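The following block contains a protein sequence and its predicted model.
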Amino acid sequence: MMSRSPSLCAVILAAGESSRMGRDKALLPWPPAAPGQAASTETFLSAAIRSLSPYNDMVFVVAGRNEANISPVVYSNGAFVVTNPDPTRGQFSSLQIGLHEVLSRGRDAAMITLVDRPPLPTATIEILRDSFISATQRWKWAVIPEYKGKHGHPIIAGRELMEAFLKADSSAIARDIEHEHQDKIEYFEVGDPLVAMNVNTPEDYAALATLVTASLK
């Protein structure tokens, strides 16, 4: 019997304070402008929603105190806002809020990423989705991409891993729970360095601009 394709929702965690960046990372221009170029009107958040939407039934963005600032971007790109009322509890609490929304909408898998991760090209997302579909046929709970051995995002979590996340305390760390179920998770190497890159500081953003500019030459 053929297994059916999972019903996916995307969860973008965007409730952080962006204190090291000094401005909301969700609203950073994407792609980063090269020296002398005008900044793009696209942002990390809008580009992430656009890249994930074709492969997910819905896209949920978990906001915090920045809800008022990012909601216009979310709604104008066809996504939904879910608010973490106390983002000081940490990123894992935002993950739990997003996953609860996925399950409450009757979906059984989540494509999870962070807003400070560069939006991925279509080819990489397709590889990720296809790898998850294949992995579920081997009774795996999730897939996590790697670049040169470094774990990246988005991850795709099936119902079993989502429920493990939801049963944990809100102060938990997602990676610790992943490690508890490592035999149920499939890690796979991709050739895209963006999966393992995150942007926390202005220096990180400048380095990303250099990488993106070089890739376009």
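Done, it's in.

just the strands in this structure please.
With DSSP state E applied, the chain shows strands at 8-13, 58-63, 80-83, 109-114, 142-147, 150-151, 155-158, 185-189, listed in chain order.

Please name every helix or strand in contact with the first one.
Right, strand 8-13. Here strand 8-13 touches helix 44-52, strand 58-63, helix 91-104, strand 109-114, going by 3 or more C-beta pairs under 8 Å, 6 or more residues apart in numbering; DSSP states H and E. In this view, the C-beta of every residue, glycine as well, is placed from N, C-alpha and C.

if we look at that strand, which residues are touching it?
The contact list for strand 8-13 (C-beta atoms under 8 Å, 6 or more residues apart in numbering) reads 45, 48-49, 52-53, 55-62, 79, 91, 94-95, 98-99, 101-102, 105, 107, 109-115, 129, 154, 156.

Tell me what angle it forms with strand 58-63.
Inter-element angle recorded for strand 8-13 and strand 58-63: 10 degrees (by axes from the mean of the first three to the mean of the last three C-alpha atoms, to 10 degrees).

confidence score at Pro6?
Note for Pro6: predicted pLDDT of 74.

residues contacting it?
Going by C-beta under 8 Å, 6+ apart, Pro6 touches Asp108, Ala109, Phe132, Ile133, Thr136, Gly158.

and with 6 Å instead?
Each residue near Pro6 by C-beta atoms under 6 Å, 6 or more residues apart in numbering is listed here: Asp108, Ala109.

Please name the spatially closest residue to Leu99 (chain neighbours excluded).
Met162 (4.8 Å; C-beta to C-beta, 6 or more residues apart in numbering).

Roughly how far does the one you found sit from Gly64?
21 Å (C-beta to C-beta, to the nearest Å).

same check, this time on Phe80
15 Å.

same deal with Ile49?
The value you get for Ile49 to Gly64, if C-beta to C-beta is used, is 17 Å.

thinking again about what came up before, take the helices and strands packed on strand 8-13 and lay them out in JSON lines including mean neighbour count.
As requested, the helices and strands packed on strand 8-13 are exported to JSON lines (neighbours: other C-beta atoms under 10 Å):
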{"stretch": "helix 44-52", "mean neighbour count": "23"}
{"stretch": "strand 58-63", "mean neighbour count": "24"}
{"stretch": "helix 91-104", "mean neighbour count": "20"}
{"stretch": "strand 109-114", "mean neighbour count": "25"}
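
Between these, which one is closest to Pro202.
Pro202 sits nearest to helix 44-52 of all the helices and strands packed on strand 8-13, at 13.9 Å, using C-beta to C-beta.

Name the residues that touch the closest one?
Ala10, Ile12, Ala26, Leu28, Trp30, Val59, Val73, Asn77, Ala79, Val115, Pro119, Leu120.

now swap in stretch 152-162 and tell me
Residues outside stretch 152-162 that contact it (C-beta under 6 Å, 6+ apart) are 99, 108-114, 117, 132, 141-145, 195-196.

what is the residue most central in space within the chain paired to in the beta sheet?
In the chain, the centroid-proximal residue (C-alpha atoms, centre = their mean) is Thr113; its distance is 0.9 Å. Beta-bridge partners of Thr113, counted by DSSP bridges, are Ile12.
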